[in-house]
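Q: Fold the following for me, if possible:
(chains A and B, ligands or ions: 2)
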Number of protein chains: 2
Amino acid sequence: PLRQVTGEKGRKQQKMTVVRAEGGGGGGINPEIRKSEEKVVDAVVVTELSKNITPYCRCWRSGTFPLCDGSHVKHNKANGDNVGPLLLKKQ
Amino acid sequence: PLRQVTGEKGRKQQKMTVVRAEGGGGGGINPEIRKSEEKVVDAVVVTELSKNITPYCRCWRSGTFPLCDGSHVKHNKANGDNVGPLLLKKQ
Ligand code: FES
Ligand code: FES
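A: Numbering: from 1, shown residues only, chains lettered A, B, ... in the order given. Ligands and ions are numbered 1, 2, ... in the order given. I've put the predicted structure just below:
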């Protein structure tokens, strides 16, 4: 999605190009995961969790989405961001 | 963060302005939530869930973060995105 706006300012014609943020899809936060789905919703039946702690991804960069694989670290460093996972704990 | 690149193409000088995506913080996906924290991690002790289904936010736009308040709908519409919550189910 590349939006082009052409306008005039005084005599000179000015062209402004709004470029999408890297990997962000024009303000979107999910550049790649299951883009054929209208809305990516996942469900966890918490009684079926096997480990004491299971991290779930909230950065949309995990290679094992919906699970967190640590990719938020690279995303945060590259973008000055501060996102992290949701931890599901059995106790 | 507004990056400006000035270049030349033939005789005309062309000015290109790279504008950050709305609310995206230059590729970041969390514009507002707990920005004083180096990494926003939340934990849920699943035995303490009260409702049968509890949606947790993955869009970083919820007014009740870490819970989902439906704000992903507005975000998806405005940005052509497809993100949605993680549903924690007791059964
Ligand atoms: S990989 Fe996305 S939150 Fe960890
Ligand atoms: S409000 Fe963020 S996923 Fe619903």
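
Q: Is residue A:85 located within a strand, as I assumed?
A: Yes. Counting by DSSP: H, G, I helix; E, B strand; the rest coil, residue A:85 is located in a strand.

Q: Can you show me the helices along chain A?
A: Using DSSP state H, the helices of chain A run over residues A:72-79.

Q: Provide the partner residues of residue A:89 in its beta bridges.
A: residue A:53, residue B:45 (DSSP bridges).

Q: so how many other residues sit close to it?
A: 16 (other Cβ atoms under 10 Å in any protein chain shown). The C-beta positions use only the backbone N, C-alpha and C, and glycine is treated the same way.

Q: Test my guess that it contacts residue B:43.
A: Yes. At 5.6 Å, residue A:89 counts as touching residue B:43 under the criterion of Cβ atoms under 8 Å.

Q: Show me the common contact partners of those two, please.
A: Shared contacts of residue A:89 and residue B:43 (Cβ atoms under 8 Å, 6 or more residues apart in numbering or on different chains): residue A:53.

Q: Which residues of chain A lie near ligand 1?
A: A:57-59, A:61-62, A:68-72, A:84-85 (Cβ under 6 Å from any ligand atom).

Q: Closest one to residue B:35 out of those, please.
A: residue A:84 (12.8 Å; Cβ to Cβ).

Q: Show me what counts as buried in stretch A:43-59.
A: By 16 or more other Cβ atoms under 10 Å in any protein chain shown, the buried positions in stretch A:43-59 come out as A:44, A:46, A:54-59.

Q: ok, which of the residues you listed also contact chain B?
A: Contacts with chain B within the buried residues of stretch A:43-59, as defined by Cβ under 8 Å from any Cβ of the partner chain: A:44, A:46, A:56-59.

Q: of all the residues you listed, which two lie farthest apart?
A: Across those (Cβ to Cβ), the longest gap, 21.6 Å, separates A:46 and A:59.

Q: pretty sure residue A:88 contacts residue A:49?
A: Yes. Residue A:88 lies in contact with residue A:49 (Cβ under 8 Å); the separation is 5.9 Å.

Q: and residue A:60, how many neighbours?
A: That count, for residue A:60 with other Cβ under 10 Å as the rule, works out to 27.
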